[in-house]
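[1] okay, structure incoming, though there's no sequence with it:
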């Protein structure tokens with residue numbers, strides 16, 4: 001006897017339940033119950049009140065085959081996604097193609113240019129951002145260490161992906177943050193979307209993208225990284241512009257500045273510390289997602305971490321993981337040094 005036979009009998013739905021008695025293929029639990037091998041005495045065994053299961057879809061289906069099962073619902077969701085897959089791909093393919101070109105081009109460039117040119121250029125960029133010889137020396141020692149243990153190519157691949165995905169995140173995120181700061185209605189609509197992107201498990205980003213794009217396309221992992229990492233720069237751009245002192249805005253109005261002049265001449269410069277903090281967080285989140293993206297052909301240190309997990313190679317996993325931590329520290333220190341210079345310039 002199923003747990004909720006009494007419910008459908010009391011509601012007078014027995015005929016409705018029995019008209020679709022086939023109900024599709026039975027689950028293993030149903031087969032065991034039918035054969036009496038589930039340890040519960042077969043279908044005729046009564047269910048005690050204490051053991052009454054929650055009235056889930058599968059449990060109700062045992063009493064009434066007309067009730068859809070959980071796997072029927074998941075099949076419906078899958079069929080719905082597959083039905084919109086081709087039209088969605090037609091729209092997304094041309095839009096996302098520049099991301100593929102940028103990722104492939106950046107990977108080719110970083111790997112083609114010799115190390116004795118790439119490393120000095122990176123050190124020059126660090127000096128330009130931080131004006132700190134200590135930080136330049138730390139970056140130099142870190143890259144020489146990664147090169148010495150033959151991790152230069154994976155490290156530079158990871159860095160290349162981070163640069164491209166962070167660049168796209170900033171190019172998309174800053175305008176969205178500006179729009180949110182100028183429209184309360186747009187902010188109310190955007191916040192639930194940002195909350196969803198920020199709370200979704202990282203693996204969930206990959207599921208629909210795998211069906212939309214080929215695993216060999218770099219845009220697959222690029223879109224996943226951008227969706228995961230873009231949230232901080234949007235939020236902090238919106239927050240930074242909203243925190244600009246209203247007295248400053250009133251002074252700009254008094255000088256007769258247009259909205260465009262106020263935005264680019266007053267609000268964005270004053271909000272730059274918050275925007276740079278958002279860029280810093282975006283870089284860190286991009287780096288975290290690169291490891292997960294190695295599951296879908298993203299090159300770099302994440303591949304070595306994945307190899308260490310799959311093959312139980314403890315040393316490979318730990319050393320490549322340390323390389324990722326080292327890159328995270330370098331990027332964090334450089335962006336924070338750049339932020340400190342911006343704050344100092346504003347105070348002066």
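    That came in fine, so what should we check first? These numbers come from a predicted model, not from an experiment. Residues are numbered from 1 along each chain as shown.

[2] from now on I want contacts and neighbour counts done on CA atoms only, so please keep to that.
    Fine.

[3] can you pull the buried residues of stretch 177-195?
    For stretch 177-195, the neighbour count (16 or more other CA atoms under 10 Å) marks 177, 178, 179, 180, 181, 187, 190, 194 as buried.

[4] with stretch 121-132 instead?
    Neighbour count says stretch 121-132 has 123, 126, 127, 129, 130, 131 buried, by 16+ other CA under 10 Å.

[5] tell me which entries of those lie within helices.
    Judged by DSSP state H, the buried residues of stretch 121-132 include 123, 126, 127, 129, 130 as members of helices.

[6] could you chop the chain up by domain?
    Domain assignment for the chain by automatic domain parsing gives 5-68, 84-347.

[7] ends of the shortest one, what's the gap?
    Its start and end residues considered, domain 5-68 measures 16 Å (CA to CA, to the nearest Å).

[8] dump the buried residues of stretch 177-195 to a markdown table, plus distance to residue 318 and secondary structure.
    Shown next, in a markdown table, are these (distance: CA to CA, whole Å; DSSP: H, G, I helix; E, B strand; the rest coil):
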| residue | distance to residue 318 | secondary structure |
| --- | --- | --- |
| 177 | 38 | helix |
| 178 | 41 | helix |
| 179 | 43 | helix |
| 180 | 42 | helix |
| 181 | 43 | helix |
| 187 | 42 | helix |
| 190 | 39 | helix |
| 194 | 33 | helix |
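
[9] apart from its neighbours in sequence, what residue is nearest residue 270?
    Residue nearest to residue 270 in three dimensions, not counting chain neighbours: residue 244, with 6.6 Å by CA to CA, 6 or more residues apart in numbering.

[10] next up, phi/psi of that neighbour, please.
    Main-chain torsions, residue 244, degrees, to the nearest 10: phi -60, psi 130.

[11] still on that earlier bit, got JSON lines for the buried residues of stretch 177-195, with pLDDT too?
    Formatted as JSON lines, the buried residues of stretch 177-195 follow (pLDDT from 0 to 100):
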{"residue": "177", "pLDDT": "94"}
{"residue": "178", "pLDDT": "94"}
{"residue": "179", "pLDDT": "94"}
{"residue": "180", "pLDDT": "94"}
{"residue": "181", "pLDDT": "92"}
{"residue": "187", "pLDDT": "93"}
{"residue": "190", "pLDDT": "93"}
{"residue": "194", "pLDDT": "93"}
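
[12] nearest to residue 307, of these?
    Lowest distance from residue 307 to these (CA to CA) belongs to residue 194, with 32.5 Å.

[13] returning to that earlier point: okay, the buried residues of stretch 177-195 in TSV with distance to residue 210 next?
    Compiled in TSV, the buried residues of stretch 177-195 are given as follows (distance: CA to CA, whole Å):
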residue	distance to residue 210
177	29
178	32
179	31
180	31
181	34
187	30
190	25
194	22
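
[14] contacting residues around the residue nearest to residue 173 when sequence neighbours are not counted?
    Excluding the flanking residues, the one nearest residue 173 by CA to CA, 6+ apart is residue 234, at 4.7 Å. Each residue near residue 234 by CA atoms under 8 Å, 6 or more residues apart in numbering is listed here: 173, 174, 176, 177, 278.

[15] now with 6 Å?
    Residue 234 is in contact with 173, 174, 177, counting by CA atoms under 6 Å, 6 or more residues apart in numbering.

[16] can you check residue 63 too?
    Residue 63 makes contacts with 2, 4, 5, as judged by CA under 6 Å, 6+ apart.

[17] quick check: the gap between it and residue 9.
    Distance from residue 63 to residue 9, by CA to CA: 10 Å.

[18] try residue 88
    For residue 88, the distance to residue 9 equals 46 Å [CA to CA].

[19] which strand or helix spans the most centrally placed residue in the chain?
    Closest residue to the average C-alpha location of the chain: residue 228 at 2.4 Å, with CA atoms, centre = their mean. Element membership of residue 228 [criterion: DSSP states H and E] is helix 218-242.

[20] how distant is that helix from the center of its chain?
    Its chain's C-alpha centre and that of helix 218-242 lie 9 Å apart, by CA atoms, centre = their mean, to the nearest Å.

[21] now stretch 330-340
    Its chain's average C-alpha position is 23 Å from that of stretch 330-340, according to CA atoms, centre = their mean.
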